[in-house]
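*Asks:* kindly generate the corresponding structure for this input.
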Amino acid sequence: MKKVKSLILIVPLLLFGEALYSQKDTILLTFDQLIEIARNKSPHSAMARHTFKASYWQYRSYRAGYLPSLSLTSLPLGINRSLTSYTLPDGSDTFIERRGNNSSVQLNLAQKVPFTGGEFSIGSALQRTDFFTDSLTATSYMLNPINISYKQPLFTFNPYKWERKIEPIRYEEAKKQFQSRLEDISQRAVQQFFDLVLAQINTEISRINYQNNDTLYKIAQGRYNIGTIARDELLQMELTFLNSQNAYKQSLNDYEDYHFRLRSFLGYPNTVILKIVVPDSVPNVVIDSDKALELALKNNPKMLEIQRNMIEAEREVARTRSERILNADLYVSFGLSKTGNELEELTKDMLDQQMVSVGLSIPLVDWGRGKGRYKMALSNLDLTKITGEQEQLDFEQQIFLQVLRFNMQKDQILTAAKADTISQLRFEVAKQRFMVGKVAITDLNIAGNERDGARRNYVSAIRDYWLNYYALRGLTAFDFIRNEEIKVDLEIE
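*Replies:* Numbering: from 1, shown residues only. Prediction:
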C-alpha cells in the first residue's frame, strides 16, 4: 500500500525534561502502542468494559427469567402462645389459651409462558401442626403432594411479548456501543497524543526562536552602536527577544500540562515520562462513501437505538390501549391433598381439589385519564417515528461528510508538508539577508512566524487525518487500512 511520507520521525525529549526527570522511568511510545494501550489498558477502556458487563448481565437476567424457576420455602419452627376467642355451646364467648407450633415446607416449580403472558406452576407442600396442652400434645399433618396451577391474563397487555422483542435488540446495541466506545477512546488518544506533539514542537520552536532572537538582538545592539540602524529598530528587536523568552517559558508549562494529560489518560503514574514517536507516514487510503454508509447502517448502534425506540413507543401504545378495556384474569388449579395424625396415613385415599376463578376489572368512569394516556402514547409513537427518520437522515449525512473530510486530508498533508519545507528555506534566506543588513527586522519576524505556523499546520494536518480516520472507524466498525471489520473481545470473566 502506498504511503504519504511524513517529515517528522521522532519528537525527542526536551533538554529540560531529561534533566528534570533523570530519576524517572522513560517509556518510548509509538503511535500503534498508544492505540493499543488506550483501547485495552487505559482507565477509560476499563470503564467501557464494565458498562458492557452491566448490559451483559442484564441480558443474562432477562434470559434466565424465561427458564423454569425452582424454589423451596420452609418454616421449620413457628411457635405460638396466645389467648384466642372461643364460642361456647350456649353461644357465649370466652377466651382460652392456645399453645402450638406450625411447621411447613413447600417446593414450587414455575415457568413463564411468554406467548400468552401466563404463568404455569407445579408445587408440593407438607404442613405439620402441634397443639400443646398440660396433659398431651396433639399432632396433625396435611400433605399436598402435587398442585398444578395456571394463571392467564385475558384481554390485557402482555409484557413478555414486548420484552422478547426489545431485550435482544438492547443487548446487540450494547455490544455495538462497546465497540464504538473503544473507537471513541482511540480518537481521544489521538487528540491527546498530537496535543503533546504540538506542545513539544511549540517548545522546540520557541527555544530556537529564543536563541535566534538572543543572537539577533546582540547583532542589533552592535549595529546600533555603530549607527547603522535606528533606535526604534533596536527596541523592536529587544521586544521580539523578550516576547520569545516569555513564549519559551510558557511553552514549557504547556508541555508539562499536555504530558500530564496524556499520561493520566493512559493510566501511567507520575513516575513515568513518555517519549513519543510520531508516525513517519500516513496510509494512502481512499474510502468509498457508499461502502462506508452501508457499513455504518449495518454496524453502528445508532440504527439499533432508533429501532428500539420505535418498538418501545409501540409497546406503550399497546399498554395504554389495554388499560382502557376489560381486564380479566383466569386462574385454574388442580391438586391432591390428605390430612392425618400420622405420616403413614397421608398416602392413602387422597382427596382431589380443583379451582377455577375468573376476575374482572372494568373501567367505568376515569374522567378521560385512560383516553388521555392512550392519545399521548399515540402522539409519542408518531414523534418517535419522525425523530428516527430525521436522525437516520442526519446520520447518513454525517457519514458522507466524514468520508469527504478524510479523503481530502491526504492532499492537505502534502500541501502542508510542502509549505513547511518552503517556509523553512524562506526563513533561512531572510535570516542570512538580515545578518548582512539587506532586510528589516519586520520582514525577518514575518518569515519566522510563517515558518512556525507552517510547521504547526503540518502536524495539525497529520492529527486531523488520524482523527477523521478513527471517527470513521467508530461510525462503521470497519478497519479501512486492513480492509476488514473490527472485532473486539466480548468475553465476560
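*Asks:* what residues does stretch 46-61 touch?
*Replies:* Here stretch 46-61 makes contact (CB atoms under 8 Å, 6 or more residues apart in numbering) with 167-168, 170-171, 174-175, 177-178, 181-182, 185, 490, 492. From N, CA and C alone the C-beta is placed, and that goes for glycine too.
*Asks:* so which bits of stretch 350-359 are buried?
*Replies:* Within stretch 350-359, no residue qualifies as buried by neighbour count (16 or more other CB atoms under 10 Å).
*Asks:* now swap in stretch 169-183 and tell me
*Replies:* Residues of stretch 169-183 classed as buried by neighbour count (16+ other CB under 10 Å): 170-171, 173-183.
*Asks:* centre of the chain to that stretch, how far?
*Replies:* 8 Å (CA atoms, centre = their mean, to the nearest Å).
*Asks:* same check on stretch 333-346?
*Replies:* Distance, centroid of stretch 333-346 to centroid of chain: 57 Å (CA atoms, centre = their mean).
*Asks:* cool, stretch 31-48 as well?
*Replies:* That offset, for stretch 31-48, works out to 14 Å (CA atoms, centre = their mean).
*Asks:* the lengthiest strand in the chain pairs with which strands?
*Replies:* Longest strand in the chain by number of residues (criterion: DSSP state E): strand 93-113. Using DSSP bridges, strand 93-113 pairs in its sheet with strand 69-75 (antiparallel), strand 79-87 (antiparallel), strand 118-132 (antiparallel).
*Asks:* residue 475: neighbouring residues, count only.
*Replies:* 22 (other CB atoms under 10 Å).
*Asks:* go ahead and confirm it touches residue 298.
*Replies:* No. Contact criterion CB atoms under 8 Å: residue 475 and residue 298 do not qualify, at 11.3 Å.
*Asks:* from residue 465, how far out is residue 405?
*Replies:* 10 Å (CB to CB, to the nearest Å).
*Asks:* okay, these two: which has more neighbours?
*Replies:* residue 465 (23 against 16).
*Asks:* quick check: the more buried one touching residue 411?
*Replies:* No. Contact between residue 465 and residue 411 fails when scored by CB under 8 Å: they sit 10.7 Å apart.
*Asks:* before we move on, back to that, go through the buried residues of stretch 169-183 and name the one nearest residue 374.
*Replies:* residue 170 (25.1 Å; CB to CB).
*Asks:* mind listing what the closest residue to the closest one other than its chain neighbours touches?
*Replies:* The shortest distance from residue 170 to any non-neighbouring residue, by CB to CB, 6 or more residues apart in numbering, is to residue 308 (6.1 Å). Residue 308 makes contact with 166, 169, 170, 173 under the criterion CB under 8 Å, 6+ apart.
*Asks:* point me to the helix or strand that includes residue 308.
*Replies:* For residue 308, the element it lies in under DSSP states H and E is helix 301-322.
*Asks:* who touches the residue sitting furthest away from the middle of the chain in this structure?
*Replies:* In the chain, counting by CA atoms, centre = their mean, residue 90 sits farthest out from the average C-alpha position, at 76.6 Å. Listed by CB under 8 Å, 6+ apart, residue 90 has no contact partners.
*Asks:* that one looks like it's in a helix, true?
*Replies:* No. Counting by DSSP: H, G, I helix; E, B strand; the rest coil, residue 90 falls outside a helix, being coil.
*Asks:* how close does it get to residue 26?
*Replies:* 103 Å.
*Asks:* and for residue 197?
*Replies:* 17 Å.
*Asks:* so for those two, which sits in the more crowded spot?
*Replies:* Between residue 197 and residue 26, counted using other CB under 10 Å, the more crowded position is residue 197 (22 against 14).
*Asks:* helix or strand: which one has that one?
*Replies:* helix 159-225.
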